[in-house]
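Engineer: please find the sequence and the predicted model below.
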Amino acid sequence: MKNSLSYKGFSARVEFDADDNIFFGRVLGVEDIIGFHGETVKELTEDFHNAINHYL
């Protein structure tokens, strides 16, 4: 998996927290803090898409 995601023109940085066994990310280039997370890559991607759709 890459350490970034893109959706609808927004990019996000993704990291993995080994202590909590979870992926988490933050959208880049916006003033608001837009975070998302998931236990799997699929959950992470879905939560990222939901976060962007909610932001818009």
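Structural biologist: Looks like it arrived, so ask away. Values in this document were obtained by computation on a predicted structure and should not be read as measured data.
Engineer: distance of the spatially most distant residue from the centre of the chain relative to residue 43?
Structural biologist: For the chain, the C-alpha farthest from the mean C-alpha position belongs to residue 19; by C-alpha atoms, centre = their mean, that distance is 18.2 Å. Residue 19 is 18 Å from residue 43, where distance means C-beta to C-beta, to the nearest Å. Just so you know, the C-beta spots here come from the backbone N, C-alpha and C atoms, and that holds for glycine as well.
Engineer: let's verify the residue farthest from the centre of the chain: helix, strand, or coil?
Structural biologist: Put simply, residue 19 is coil when judged by DSSP: H, G, I helix; E, B strand; the rest coil.
Engineer: for residue 4, give me its contacts.
Structural biologist: 11, 12, 13, 14 (C-beta atoms under 8 Å, 6 or more residues apart in numbering).
Engineer: out of these, the closest to residue 51 would be?
Structural biologist: The closest of those to residue 51 turns out to be residue 12 (C-beta to C-beta; 8.5 Å).
Engineer: any idea of the mean pLDDT in the helix or strand where the closest one lies?
Structural biologist: Counting by DSSP states H and E, the element that carries residue 12 is strand 10-17. Averaged over strand 10-17, pLDDT sits at 97.
Engineer: just the strands in the chain please.
Structural biologist: All strands of the chain, identified by DSSP state E, fall at 4-7, 10-17, 22-28, 35-38.
Engineer: ok, the first one: who's next to it in the sheet?
Structural biologist: Pointing back at strand 4-7 there. According to DSSP bridges, strand 4-7 forms sheet pairs with strand 10-17 (antiparallel).
Engineer: go on, the third one?
Structural biologist: Listed by DSSP bridges, the sheet partners of strand 22-28 and their directions read strand 10-17 (antiparallel), strand 35-38 (antiparallel).
Engineer: buried residues in it?
Structural biologist: 23, 24, 25, 27 (16 or more other C-beta atoms under 10 Å).
Engineer: neighbouring contacts of that strand?
Structural biologist: 5, 10-17, 33-41, 43-44, 48, 51-52, 55.
Engineer: repeat the analysis, applying 6 Å as the threshold.
Structural biologist: For strand 22-28, the external contacting residues (C-beta atoms under 6 Å, 6 or more residues apart in numbering) are 10-14, 16, 34-39, 44.
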